[in-house]
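Undergrad: turn this into a structure:
(one chain, ligands or ions: 1)
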Amino acid sequence: MELDNHAEDLASDLGIDKEEVKADLQNLVEYSVPVDEAKQSLRRKYGDGSSGGGGTPSAKDIGEITPDDSNVTVTGVVLTTGKRSIRYQGDDHVIVEGRLADETGVIDYTAWEDFGLSPGDTITAGNAGVREWDGKPELNLGESTSLSFESDSLEVPYEAGGDAQLADLQTGDRAVTIEVTVVECERRTIDGRDGETEILSGVLGDESGRLPFTNWDPAPEIEEGGTVRIENAYVQEFRGVPEVNVSEFSTVTSLEREIDVGADATTMTLGEAVATGGIYDLEVVGNLIAVRDGSGLIQRCPECYRVIQKGQCRTHGDVDGIDDLRVKAILDDGTGSVTVVLDDELTEEVYDGTLEDALEQAREAMDQEVVADTIREHVVGREYRVRGHLSVDEYGANLDAESFEESDDDPETRASAFLDSVADLEEVRS
Ligand SMILES: [Zn+2]
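TA: The predicted structure is shown next:
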């Protein structure tokens, strides 16, 4: 096994126990740290001979820490602590993640042991490891870290606790506290890592917006229409958009107060939206510049519901396809572009006909491409206001439309409004 060799390497270089270093290595790799980076950080953790191993690194302000630091000693206030379970070697392992602050800045940390940290604690972490994550430094508090609680609390310009609004949450956020209305909720059975298990999934909302959620250990307080306070949730990407994860370590309590769910979607330019990497509820305006292949009348596999070509599903082979309608169209606003995906209902609207009409038209023309051509004639060159879920991956940016309307301030309307106002002016003058 590969990890075994890496562990062997490290153990002999550093003169430490192989099993110990292997467990550490596995931990980091399981935590998505690339193996080379993991080895480097373990070399730092155990001191690769040059540092002599024993000395405590000098104290540093949080704002001064860079990914080039190997080990630091920091004093700061624990802003958040969130437990999360990760799995390695078939065992569940609980880690604590959160943010630490001093007067100069804030840094994310991961504690590989339970030091008993609570928000508001002022701590000094001696010999904390530094690793790079997404170009930024993060602290690793582990076995070799000496951690002490300070009796004099440090004043910092940041609030302890993870209170957040849904609109501000981003993939990677940990130890989040939210107060929300459960907008949608369904109970599902999934094939989890421990076999079949029940989970809740749906949509949460607050004044700022909406986000999907998964509750891995169904909390009775989470039910459709209810309002709840959720402490210690984390945010992870799922199908390209941020999702609130409510775990066994989260605390869910029912609230008496009502929470209005904001009706507004996030609005931004396409360039900005694509740069975020995914937004659950987005509204954009752009010009529809093309209808892509695979639009109009299509056939889906009856087993997996994926689109098939010439009666062939890539997974299920020769199948009797189900006829369906959809549109994949390119929307551009000058700052960027996305592929807008319209479902059967929205496609019927832009086609101005039903699935039966489309089948009829294709039969008459003996070519199902005529349906896509009709849709092209209806939509290309017009400006649309689209609301939906944006996901971004290596294949591009897809906006799954929930609503798709011709923009009321399209150039034509703007032009005629301008002409009207000119006419009004002339009337006033005459
Ligand atoms: Zn299939």
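Undergrad: look up which helix or strand Asp24 falls in, please.
TA: Secondary-structure assignment from DSSP states H and E places Asp24 in helix 18-30.
Undergrad: next secondary structure after that helix?
TA: Counting by DSSP H and E, what follows helix 18-30 is helix 35-46.
Undergrad: who touches that next one?
TA: Under the contact criterion Cβ atoms under 8 Å, 6 or more residues apart in numbering, helix 35-46 has outside partners 2-3, 6, 9-10, 13-14, 16, 21, 24-25, 28-29, 33, 53, 70-71, 129-132, 140, 142, 144. Every residue, glycine included, has its C-beta placed from N, CA and C.
Undergrad: does Ala372 touch Leu297 like I think?
TA: Yes: checked against Cβ atoms under 8 Å, the pair Ala372 and Leu297 is within contact range at 7.5 Å.
Undergrad: give the contact list for Asp324.
TA: By Cβ under 8 Å, 6+ apart, Asp324 lies in contact with 297-300, 344, 355.
Undergrad: what's the answer for Ile259, then?
TA: Ile259 neighbours (Cβ under 8 Å, 6+ apart): 179-181, 205-207, 227.
Undergrad: same thing but at 10 Å, please
TA: Ile259 makes contact with 178-182, 204-207, 226-229 under the criterion Cβ atoms under 10 Å, 6 or more residues apart in numbering.
Undergrad: need the residues of the stretch 251-400 of the chain near the ion, please.
TA: 301, 303-304, 313, 315-316 (Cβ under 5 Å from the ion).
Undergrad: inside strands: which ones of the residues you listed?
TA: Among these, the ones falling in strands (DSSP state E) are Cys313.
Undergrad: among the contacts of helix 35-46, which ones are buried?
TA: Neighbour-count burial (16 or more other Cβ atoms under 10 Å) applied to the contacts of helix 35-46 gives 6, 10, 14, 16, 21, 24-25, 28-29, 33, 70-71, 129-132, 140, 142, 144.
Undergrad: which secondary structure elements does the helix holding Asp24 contact?
TA: If you count contacts as 3 or more Cβ pairs under 10 Å, 6 or more residues apart in numbering; DSSP states H and E, helix 18-30 packs onto helix 2-14, helix 35-46, strand 71-88, strand 91-102.
Undergrad: mind checking which of the ones you listed is nearest the ion?
TA: strand 71-88 (30.5 Å; Cβ to the ion).
Undergrad: for the closest one, what is the average pLDDT?
TA: Strand 71-88 comes out with an average pLDDT of 89.
Undergrad: same deal with stretch 231-243?
TA: The average pLDDT for stretch 231-243 rounds to 89.
Undergrad: next one: that stretch to chain centre, how far?
TA: Mean-position distance between stretch 231-243 and its chain equals 5 Å (Cα atoms, centre = their mean, to the nearest Å).
Undergrad: how about stretch 32-42?
TA: Per Cα atoms, centre = their mean, the centroid offset for stretch 32-42 relative to its chain is 24 Å.
Undergrad: what are the buried residues along that stretch?
TA: By neighbour count with 16+ other Cβ under 10 Å, stretch 32-42 contains the buried residues 33, 38-42.
Undergrad: my guess is Gln170 meets Val235, correct?
TA: Yes: the pair Gln170 and Val235 passes the contact test of Cβ atoms under 10 Å, sitting 6.4 Å apart.
Undergrad: what's the overlap in contacts for the two?
TA: Common neighbours of Gln170 and Val235 (Cβ under 10 Å, 6+ apart) are 164, 242.
Undergrad: so for those two, which residue has more residues nearby?
TA: Between Gln170 and Val235, counted using other Cβ atoms under 10 Å, Val235 has the larger neighbour count: 20 against 12.
Undergrad: neighbours of Asn215, how many?
TA: Asn215 has 25 nearby residues by other Cβ under 10 Å.
Undergrad: start the count at 4 instead of 1 going forward.
TA: Sure, I'll start numbering at 4, so the last one becomes Asn218.
Undergrad: just checking, it touches Leu203?
TA: Yes: the criterion here is Cβ under 10 Å, and Asn218 meets it with Leu203 at 4.0 Å.
Undergrad: what is in contact with the two at once?
TA: Contact criterion Cβ under 10 Å, 6+ apart; residues bridging Asn218 and Leu203 by contacting each: 185, 188, 190, 225, 249.
Undergrad: just the closest of the residues you listed to Val264, please.
TA: The shortest approach to Val264 among the shared contacts of Asn218 and Leu203 belongs to Val185, at 10.0 Å (Cβ to Cβ).
Undergrad: buried residues of the helix or strand containing the closest one, list them for me.
TA: Using DSSP H and E, Val185 sits in strand 179-195. Using 16+ other Cβ under 10 Å as the burial criterion, the residues of strand 179-195 that qualify are 179-186, 188.
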